[in-house]
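K.L.:
A structural model of the following input is requested.
(3 chains)
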Amino acid sequence: MNKKDESFFELVYQVVKLIPEGRITTYGTIAKYLGMARSARMVGWAMNNSHKLQTRIPAHRVVNRNGVLTGKFHFDSLLSMQELLEKEGIKIENDKILNFNNYFWDPFKELKIE
DNA sequence: TGGGTGACCATAG
DNA sequence: ACTATGGCCACCC
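P.N.:
The predicted structure follows:
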């Protein structure tokens, strides 16, 4: 791993790490924030890779634009994505986040103003 | 070198 | 409202 890896994987991780507890955001939002609106898939890819990093990435706080936990099968069966979220006070039903808009974290709004 | 594959999204029918 | 499809681009055979 060289410093070339500051590319976009690192950027994705940077953003994901900024998501506060009890909040969630989407792959597409992150992609857009990084200027790759059409490459939301790459954000998912970054998450897939994130499990092997030593740095802990709160990947459970990233869901798809419908608020569905599409990545839950990539988590430990013991500590499921859903459990992690519920532990942070987020209600989930049928793999879908309830009151999605209440918990949605928008990097544009939250990070823009400084 | 090239083709298949995604933890996605927007659009069209 | 739901399904199908194309685009996207890094990564892995």
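
K.L.:
going forward, measure contacts between C-alpha atoms and count neighbours the same way
P.N.:
Noted.

K.L.:
list the contacts for the residue positioned nearest the centre of chain A?
P.N.:
With distances taken as Cα atoms, centre = their mean, A:Val62 lies nearest the centre of chain A, 2.4 Å away. Counting by Cα atoms under 8 Å, 6 or more residues apart in numbering, A:Val62 touches A:Val16, A:Ile24, A:Thr25, A:Thr26, A:Tyr27.

K.L.:
ok, so of those, who is nearest A:Leu78?
P.N.:
Set against A:Leu78, the nearest of the contacts of A:Val62 by Cα to Cα is A:Ile24 (21.1 Å).

K.L.:
can you pull up the bridge partners for the closest one?
P.N.:
A:Phe104 (DSSP bridges).

K.L.:
tell me how far it lies from DNA strand B.
P.N.:
12 Å (Cα to the nearest atom of the strand, to the nearest Å).

K.L.:
so that residue makes contact with A:Ala59?
P.N.:
No: taking contacts as Cα atoms under 8 Å, A:Ile24 lies outside contact range of A:Ala59: 9.5 Å.

K.L.:
the two: who's more crowded?
P.N.:
A:Ile24 (26 against 23; other Cα atoms under 10 Å).

K.L.:
now the lowest-mean-pLDDT helix or strand in chain A: buried residues?
P.N.:
Within chain A, confidence by mean pLDDT, DSSP states H and E is lowest for helix A:107-112 among all helices and strands, at a mean of 86. Residues of helix A:107-112 classed as buried by neighbour count (16 or more other Cα atoms under 10 Å): A:Pro107.
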